[in-house]
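> Structure here, sequence nowhere to be found:
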Ligand code: PNS
């Protein structure tokens, strides 16, 4: 019988990846043969980092996890999941404020692709308040961001914010 890998997909903006995202990736990777971290090429938002930069940053901080693959995608998450052979979408849930949006997204995705399920991992309490947007805000005012980000990401965001301010 042909061996079929059990593939999970973790889609998101990851602009930039935070310690909260990394924790979800580390935990989800244990649940699948392969975990694909899928970076959305955001059409409407103007991200701080390009999709390629975000992919490289995630690859850098997930080097220690063998079964993680990082790619960018455009379009619907369910279409990309299907193309990648993933039957499970992984999302992190921080607090009740995430719930409505996440539920709506999961239900819409399931309406479109009945065979693809969404599972939610509860964010580690240490990171329950964290978001990429908050980190960018703190960084833009020169605040301390090393509490929130994998160490390798800190100088990259500081440099990008300096660049933006000098333009
Ligand atoms: O990190 P984010 O910004 O909370 O991730 C949101 C993401 C990328 C998972 C969501 O916006 C998404 O899946 N976008 C792709 C387009 C899509 O599938 N939209 C329909 C979902 S109902």
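In hand now; what should we look at? Everything numeric in this text was worked out from a predicted model, so none of it was measured.
> For this structure, which residues are neighbours of the ligand?
Of all the residues in the chain, those in contact range of the ligand (Cβ under 6 Å from any ligand atom) are 11, 12, 13, 40, 76, 77, 105, 108, 109. C-betas here are computed from N, CA, C, even on glycine.
> Of the residues you listed - the most surrounded one?
Neighbours here are counted as other Cβ atoms under 10 Å. On that basis the top member of those is residue 77, with 24 neighbours.
> Ramachandran coordinates for that residue?
Reported as degrees, to the nearest 10, the phi and psi values for residue 77 are phi -60, psi -40.
> contacting residues for the closest residue in space to it that isn't next to it in sequence?
Spatially, and ignoring its direct neighbours in sequence, residue 77 is nearest to residue 11 (4.5 Å; Cβ to Cβ, 6 or more residues apart in numbering). When contacts are counted by Cβ atoms under 8 Å, 6 or more residues apart in numbering, residue 11 is found next to 38, 39, 40, 73, 77, 80, 81, 89, 91.
> With residue 75 as the reference, measure out to the closest residue to residue 144 other than its chain neighbours.
In space, residue 144 comes closest to residue 138 once its chain neighbours are excluded; the distance is 7.4 Å by Cβ to Cβ, 6+ apart. For residue 138, the distance to residue 75 under the criterion Cβ to Cβ, to the nearest Å works out to 32 Å.
> Which residues are in contact with the residue lying closest to residue 95 once chain neighbours are set aside?
Closest residue to residue 95 in three dimensions, ignoring its sequence neighbours and counting by Cβ to Cβ, 6+ apart: residue 128, at 6.0 Å. Shown here is residue 128, whose contacts under the criterion Cβ under 8 Å, 6+ apart are 20, 94, 95.
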